[in-house]
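Colleague: sequence? don't have it. structure:
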Ligand SMILES: [Zn+2]
């Protein structure tokens, strides 16, 4: 009995202890080739969703994946899917991937790093003949930058209205999906059920400066923040800027100035990583010699907890009451339908990523994601985790995006070996 246990422990150690390394030169090769589809005169990338560049890049990726005997197809939602399943396993897949579409004049890292690392995971699995019980599924999501379209389709969160949205390419989602080889008439069939996917993982550049500034190799995302937006209308009274005495004014712009500072102070008054922003403002009538009677501005709050967002919002409302009294103006708040609920990452997967990082002696830290990602939607249907890799100076959505290949290689090592461990465990929701 004791001997059996001993052998079992040894076997488990061997199973858990062996790490496979990915190939940095293959990562560089994928990067340099993918970059060509959409590179512009600023050294940025114009590979917006549904563009010819998007289509050509997908053809390149498909070829690479067919070379390692993956079954490649485009689903009805325009997601490029590669199934790697040499054992013909009938288990649910372990899925991973990201996007290759960019914002206009974007960079070569936001999205592509997640796809390149996913391809390299399959290449290493193939060339090193790593054995998996679950099929591996690589996903290149359609139109991430224009509203995480492909992952929302998988999570069943799109409707006919979403299909008619015109994207930066000039094509609607409906037209774009068909251009990629999808089928907009059958798109709703792509919805996957909770439990259809064993686990989902995504590598992405951090798009912040936490990892780079502290020289940390691996960011382990605890959750993706939820965000809420409001239109805020401030009503005062328009009057002559020359003849109205200072003590008789109902100046909406003064109220706005106080409001903007108050939002900043209120958000800062709570412990935690919540953020709040007033990003847009306009005054009416908006001329130099009239006291503004109306100011419209925006309020945005983000946090990992919906309750925290509500708590901060209520405090802002309370403080707004004081500004109304002081400035003799009135405020109204109307929510904008651009809200995303916070998505928590799976703790079991977080722990595995941490263990794997430690086993490679790669430094890591857990952190929230302040930006939205495809993983946010995948978290609705599967145990999900995200790995961040450092962004130089925290820059993204710019030709200046940069992450060095050593860092991408480290993140890909962690992804591959996390998948190897996840393959061996039960993950009931
Ligand atoms: Zn992205």
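Modeller: Structure's in. What do you need? Keep in mind the model is a prediction, meaning the values are calculated, not measured.

Colleague: residues touching residue 230, list them.
Modeller: By C-beta atoms under 8 Å, 6 or more residues apart in numbering, the contact list for residue 230 reads 298-300, 333-336. In this view, the C-beta of every residue, glycine as well, is placed from N, C-alpha and C.

Colleague: in the sheet, who's paired with residue 295?
Modeller: Here residue 295 shows beta-bridge partners residue 234, residue 283, assigned using DSSP bridges.

Colleague: verify the contact between it and residue 283 for me.
Modeller: Yes: counting by C-beta atoms under 8 Å, a contact exists between residue 295 and residue 283, whose distance comes to 5.0 Å.

Colleague: find residues that contact each of the two.
Modeller: 252-253, 256.

Colleague: need the pLDDT of residue 227.
Modeller: According to the per-residue confidence, residue 227 scores 85 in pLDDT.

Colleague: that one in helix, strand or coil?
Modeller: Under DSSP: H, G, I helix; E, B strand; the rest coil, the three-state class of residue 227 is strand.

Colleague: thought residue 60 was touching residue 33, still the case?
Modeller: Yes: Residue 33 sits in contact with residue 60 when judged by C-beta under 8 Å, with a separation of 6.3 Å.

Colleague: list the contacts for the spatially most central residue of the chain?
Modeller: Among the residues of the chain, the smallest C-alpha distance to the mean C-alpha position (C-alpha atoms, centre = their mean) belongs to residue 373, namely 1.7 Å. When contacts are counted by C-beta under 8 Å, 6+ apart, residue 373 is found next to 98, 144, 148, 202, 204, 224, 386.

Colleague: let's see 10 Å
Modeller: The contact partners of residue 373, by C-beta atoms under 10 Å, 6 or more residues apart in numbering, come to 98-99, 111, 114, 141, 144, 148, 151, 202, 204, 207, 221, 224, 343, 379, 384, 386, 388.

Colleague: swap in residue 19?
Modeller: By C-beta under 10 Å, 6+ apart, residue 19 lies in contact with 356, 359-360, 413-414, 416-417, 420.

Colleague: can you tell me the closest non-neighbouring residue to the residue in the stretch 151-300 of the chain that the ion sits nearest to?
Modeller: At 5.7 Å from the ion, residue 204 is the closest residue in the stretch 151-300 of the chain, using C-beta to the ion. When the adjacent residues along the chain are set aside, residue 204 lies closest to residue 114, with 5.2 Å between them (C-beta to C-beta, 6 or more residues apart in numbering).

Colleague: buried sites along the helix or strand containing that neighbour?
Modeller: Residue 114 belongs to helix 112-127 when assigned by DSSP states H and E. Within helix 112-127, the residues that qualify as buried are 112-126, counting by 16 or more other C-beta atoms under 10 Å.

Colleague: can you check stretch 224-239 too?
Modeller: Neighbour-count burial for stretch 224-239 flags 224-230, 232, 234-239 (criterion: 16+ other C-beta under 10 Å).

Colleague: what's the spacing between that stretch and its chain's center?
Modeller: For stretch 224-239, the distance from its own C-alpha centre to the chain's C-alpha centre is 25 Å (C-alpha atoms, centre = their mean, to the nearest Å).

Colleague: of residue 295 and residue 283, who's got more company?
Modeller: When residue 295 and residue 283 are compared on other C-beta atoms under 10 Å, the one with more neighbours turns out to be residue 295, at 25 against 20.

Colleague: for that one, give me the pLDDT.
Modeller: 98.

Colleague: please tell me I have it right and it contacts residue 332.
Modeller: No: with contact defined as C-beta atoms under 10 Å, residue 295 does not reach residue 332; the gap is 11.6 Å.

Colleague: helix/strand/coil for the residue of the chain positioned farthest from its centre?
Modeller: Centroid-distance maximum for the chain: residue 243 at 52.5 Å, with C-alpha atoms, centre = their mean. When the structure is reduced to helix, strand and coil (three-state DSSP), residue 243 reads as coil.

Colleague: who are the contact partners of residue 427?
Modeller: The contact partners of residue 427, by C-beta under 10 Å, 6+ apart, come to 92, 94, 195, 197-199, 346, 348-349, 382-383.

Colleague: that one and residue 346: what is the separation?
Modeller: Taking C-beta to C-beta, to the nearest Å as the criterion, residue 427 is separated from residue 346 by 8 Å.

Colleague: re the thing from before, select from the contacts of residue 230 the one having the most neighbours.
Modeller: residue 299 (23 neighbours).

Colleague: A helix includes that one, no?
Modeller: No: Residue 299 is assigned strand when assessed by three-state DSSP, not a helix.

Colleague: okay, and the beta partners of it?
Modeller: Following DSSP bridges, residue 299 is listed with bridge partners residue 230.

Colleague: please tell me how far it sits from residue 276.
Modeller: Counting by C-beta to C-beta, the separation of residue 299 from residue 276 is 7 Å.

Colleague: all helices of the protein, in order?
Modeller: Shown for the chain, the helices assigned by DSSP state H span residues 2-17, 24-35, 52-66, 112-127, 149-154, 160-164, 173-179, 210-214, 252-268, 306-327, 347-359, 374-378, 405-422.

Colleague: can you tell me which of those is nearest to residue 290?
Modeller: helix 252-268 (10.4 Å; C-beta to C-beta).

Colleague: how far away from the center of its chain is the closest one?
Modeller: 29 Å.

Colleague: residues of this structure that sit close to the ion?
Modeller: For the chain, the contact set with the ion under C-beta under 5 Å from the ion comprises 110-111.

Colleague: can you do 8 Å?
Modeller: Among all residues of the chain, those adjacent to the ion (criterion: C-beta under 8 Å from the ion) are 98-99, 110-111, 114, 144-145, 204-205, 207, 371, 373-374, 396.

Colleague: now, which of these sits nearest residue 131?
Modeller: residue 114 (24.5 Å).

Colleague: tell me the pLDDT at the closest one?
Modeller: Residue 114 carries a pLDDT score of 98 in this model.

Colleague: and it, how far is that from residue 234?
Modeller: When distance is defined by C-beta to C-beta, residue 114 is 42 Å away from residue 234.

Colleague: likewise residue 110?
Modeller: For residue 110, the distance to residue 234 (C-beta to C-beta) stands at 36 Å.
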